[in-house]
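> from the sequence below, what's the structure:
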Amino acid sequence: MAEDRIRVVALAITPVKSLRITARSEVLLERGGIRGDRAFFLVDELGRMVNGKHLGALNSVAAELDEDEQRLTLTFPSGEVLSGPIERGEQLEARFFSRSLPARVIEGPLSAALSEHAGQALRLVAPADRSSAIDRGPEGAVTMISQASLASLARAAGEREIDARRFRMSIELAGAAAHEEDRWVGRELRVGEARILLRGHVGRCIVTSRHPESGEIDLPTLDLLRDYRAGVLTTEPLAFGVYGAVLRQGVVRVGDAVELSGD
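This is a model prediction of the structure:
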């Protein structure tokens with residue numbers, strides 16, 4: 001394989017887990033993931049993590065994090081923009097998937113605004129140890145998918161194209177064959193200045209069936225994957241894309257080459 005044909009064509013993050021994915025031309029990939037990505041998450045009144053599986057309306061809100069000024073800005077679909085300082089308050093034990101995660105409540109008006117928008121009481125929180133709210137932790141700090149895989153799924157769905165944001169991936173690649181990334185699990189990659197060890201395949205949930213901006217369910221993604229990927233050996237069910245750990249941090253830019261070790 002001539003790996004120099006494979007390049008980064010898109011990078012995406014969201015400072016608040018479950019809010020809309022936004023594009024970046026350059027990111028700093030650290031051990032815990034992209035700096036500023038999933039720095040915050042939302043919990044309900046019982047401290048349980050809430051995401052787009054439960055509240056599709058969250059997809060319609062975009063967040064921007066100013067790390068220098070320590071401010072978080074939310075843009076709502078109405079055009080309203082609300083900004084507030086990142087002031088960490090009381091600590092609570094959040095339920096993050098199946099585990100307990102100490103977190104601190106972010107003080108100020110942002111929680112109330114998100115609660116009103118979603119129609120449910122929510123609290124904006126950050127991991128108490130200032131790590132990120134990545135699903136798989138450091139072992140899954142970064143995710144990637146190829147344009148060819150997206151195009152192949154679109155054909156199976158009878159669609160002209162499928163928006164990559166639906167899958168909420170860190171890195172989108174061009175130049176790889178459809179699902180070529182499946183075969184990279186267990187291998188090291190150099191992406192820009194960073195090195196990544198791919199650990200597994202990303203299993204999918206109902207959130208991928210939601211439109212990446214409106215949050216409305218508009219594509220039977222799981223049914224499609226169940227049929228289209230039937231019989232494929234993967235580390236997680238209904239897999240689409242791969243995840244990995246960051247071995248060496250560094251800047252990654254759109255246009256950077258992807259090189260596989262051992263080739």
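> contact partners for residue 92?
Counting by CB atoms under 8 Å, 6 or more residues apart in numbering, residue 92 touches 43, 47, 102, 103, 104, 105, 125. Placement of C-beta: from N, CA and C, glycine included.
> which one of these is nearest residue 167?
Distances from residue 167 to those, taken as CB to CB, are shortest for residue 43 (23.9 Å).
> who's the closest one bridged to?
The residues paired with residue 43 through beta bridges, assigned by DSSP bridges, are residue 49, residue 123.
> neighbours around it, how many?
22 (other CB atoms under 10 Å).
> report the separation between the most centrally placed residue in the chain and residue 43.
For the chain, the residue sitting closest to the mean C-alpha position, by CA atoms, centre = their mean, is residue 168 at 4.1 Å. Separation of residue 168 from residue 43 (CB to CB, to the nearest Å): 19 Å.
> sorry, back to before: need phi/psi at the residue nearest to the centre of the chain.
phi 60, psi 50 (degrees, to the nearest 10).
> so it sits against residue 12, correct?
Yes: with contacts counted by CB atoms under 8 Å, residue 168 reaches residue 12, the gap being 7.4 Å.
> how many other residues sit next to the residue lying closest to residue 26 once chain neighbours are set aside?
Take residue 26 and drop its neighbours on the chain: the residue closest to it by CB to CB, 6 or more residues apart in numbering is residue 253, 4.6 Å away. Residue neighbour count, defined by other CB under 10 Å, stands at 14 for residue 253.
> how is this protein divided into domains?
In the domain annotation for the chain, the residue ranges read 3-13+137-260, 33-127 (automatic domain parsing).
> which one of those domains lies closest to residue 24?
Ranked by CB to CB, the member of these that lies closest to residue 24 is domain 3-13+137-260, at 4.5 Å.
> distance from the chain centre to the closest one, please.
For domain 3-13+137-260, the separation from the chain centroid amounts to 10 Å (computed by CA atoms, centre = their mean, to the nearest Å).
> include distance to residue 25 when you put the domains of the chain into a markdown table, please.
A markdown table is the format used below for the domains of the chain (distance: least, CB to CB, whole Å):
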| stretch | distance to residue 25 |
| --- | --- |
| domain 3-13+137-260 | 5 |
| domain 33-127 | 13 |
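> got those domains as a markdown table, with distance to residue 21 and mean pLDDT columns?
Output for the domains of the chain, formatted as a markdown table (distance: least, CB to CB, whole Å; pLDDT from 0 to 100):
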| stretch | distance to residue 21 | mean pLDDT |
| --- | --- | --- |
| domain 3-13+137-260 | 5 | 95 |
| domain 33-127 | 9 | 95 |
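> look up which residues are beta-bridged to residue 11.
Taking DSSP bridges, one finds residue 24, residue 171 as the beta-bridge partners of residue 11.
> what sits against it?
23, 24, 25, 26, 27, 34, 170, 171, 172, 252, 253, 254.
> could you do residue 199 as well?
With contact set as CB under 8 Å, 6+ apart, residue 199 has these partners: 136, 139, 140, 185, 186, 235, 243, 244, 245.
> among those residues, which are in helices?
Helix and strand membership here follows DSSP state H; of the contacts of residue 199, not one is in helices.
> pick out the most distant pair among these.
Taking every pair in the contacts of residue 199 and measuring CB to CB, the maximum separation is 15.7 Å, between 136 and 186.
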